[in-house]
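Trainee: heads up, no residue letters with this:
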Ligand SMILES: *Cc1c(COP(=O)(O)O)cnc(C)c1O
C-alpha cells in the first residue's frame, strides 16, 4: 500500500494499530466468535468497553467523581442545541464568544432556545484571531467558547477565568494538550477530529450544572436522562465508542497527554517555522492565536496552486486543501499524525520554493 500522509481536517487520521484492532473486532470481538457489531450493547463485553471509555476520559482529563462522561449520537452539532436546552433558563441569558463558523452555529441554536449575548467576536477580521479583554456578564447562565477553530486555524492559548459555568466545544483539540478540565462545567467534542470515527460525541459534564432550568425536555435531549442511564439510555453508537476507546487506550499507553503535547508542539513548530521562512507561503491566523491542530496558510501566488497540488499528490500528501468557505490550505496535525508526515509536507514546500522563488 502506498504511504499516504493524512492531513484531513475531519474525519481525521487515526493510529494504524487502532484501525487494525477495530477491524479485528468487526469479525471476532473478544474471542466471542461474534462481531462487535452483532452483540448486545448490554452484554458484559460491551459494558466493559463503555465503562473503560468513560474512565479513560476522566483519567486523561484528570477530573473527579463530580463529572460524568457521556457518549452521545448526533454530532457536536446536536450539542449546540442540547447545551442551551439544559443550561439556559427561560428568563436567563447565555454568553458566547464567536470565533468561527462552529461558534456561529452554536449561537444560532442557542438563540432558538433563549436569550443570547455575543460578548466578543473576531468575525470582522475573518476569524483570524481569538478575542481577549472582554467582560463576562456575571448574571449569564453560562459562557460558551470554542477552544479550537478547525476552519480558521485559531486556538485559545489560555481560557477565560470565569465565575459562571464555562462550556467549551473542544471537538478539534480534545486530548491534544494539557488543560485544567476542572475549570469547565461542560466540555463536548465530536469524536471524528481527534478521538475516533464519526458517530459519537463525548460530553464531560459536571453533575450539578444540569437540571436547573425547569424546562421539560425530550428524554433524548436531556443530559440527566443520559447520566442516569450511564450513557446507555438507548442503544449507544457502539462502534464509534469502541474505536474511541481504542484511541484513548493508545494515547494513555504511549504516555498520555504530556507525551502527545510534546509531539503536537513539535509538529506545529516545524510547520509554522517553514511557513514563516518560505517566501512563497503565508500563515492566515494571527501569531498569538495560531492553532497547533489546524495550520492554515496561503500560497501568495495563486497560479502556483495547481503545481503545489500536484507535488503534494506525488508525495502522498492528502487532505490539505482549505475549508470550502476560506480556500487556501489547511494541514491538520491531529494526535495520530506522525512528525514524518509534517516533514514530507515541508519537503514539498521547499521543493516548490526552489523551483519558483
Ligand atoms: C467539526 C466540528 C463541529 C461539528 O461537528 P459534527 O460532529 O459534524 O456536528 C463542531 N465544532 C467544531 C469545533 C468542529 O471542528
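Mentor: That came through, no problem. The structure displayed is predicted, hence computed values, not measured ones.
Trainee: Which residue ranges of the stretch 51-200 of the chain form strands?
Mentor: 67-72, 93-98, 115-121, 142-146, 148-149, 154-155, 166-169, 186-190 (DSSP state E, counting those that start in this stretch).
Trainee: can you tell if the first one touches the ligand?
Mentor: No: Strand 67-72 stays clear of the ligand (CB under 6 Å from any ligand atom), getting no nearer than 10.6 Å. Just so you know, the C-beta spots here come from the backbone N, C-alpha and C atoms, and that holds for glycine as well.
Trainee: And the nearest residue to residue 323 once chain neighbours are set aside, how far from residue 208?
Mentor: Of all residues not flanking residue 323 in the chain, residue 151 sits nearest, at 4.4 Å (CB to CB, 6 or more residues apart in numbering). As judged by CB to CB, to the nearest Å, residue 151 and residue 208 stand 33 Å apart.
Trainee: Give me the more crowded residue out of these two.
Mentor: residue 151 (20 against 10; other CB atoms under 10 Å).
Trainee: quick one: contacts for the more buried one?
Mentor: Listed by CB atoms under 8 Å, 6 or more residues apart in numbering, the contact set of residue 151 reads 9, 100-102, 127, 294, 323, 325-326, 330.
Trainee: again, but for residue 19
Mentor: By CB under 8 Å, 6+ apart, the contact set of residue 19 is empty.
Trainee: Distance of it relative to residue 6?
Mentor: Here the criterion is CB to CB. By it, residue 19 lies 11 Å from residue 6.
Trainee: Confirm that residue 24 sits in a helix.
Mentor: Yes: Residue 24 sits within a helix when classified using DSSP: H, G, I helix; E, B strand; the rest coil.
Trainee: State the pLDDT value of it.
Mentor: The score at residue 24 is 98. That number is its pLDDT.
Trainee: Quick one: neighbours of it, just the number.
Mentor: 12.
Trainee: Roughly how far does residue 23 sit from the ligand?
Mentor: 23 Å (CB to the nearest ligand atom, to the nearest Å).
Trainee: residues touching that residue, list them.
Mentor: By CB under 8 Å, 6+ apart, the contact set of residue 23 is empty.
Trainee: Can you name every helix or strand that the longest helix anywhere in the chain contacts?
Mentor: If you go by DSSP state H, the chain has its longest helix at helix 256-277. Contacts defined by 3 or more CB pairs under 8 Å, 6 or more residues apart in numbering; DSSP states H and E place helix 256-277 against helix 238-254, strand 281-283, strand 294-299, helix 339-356.
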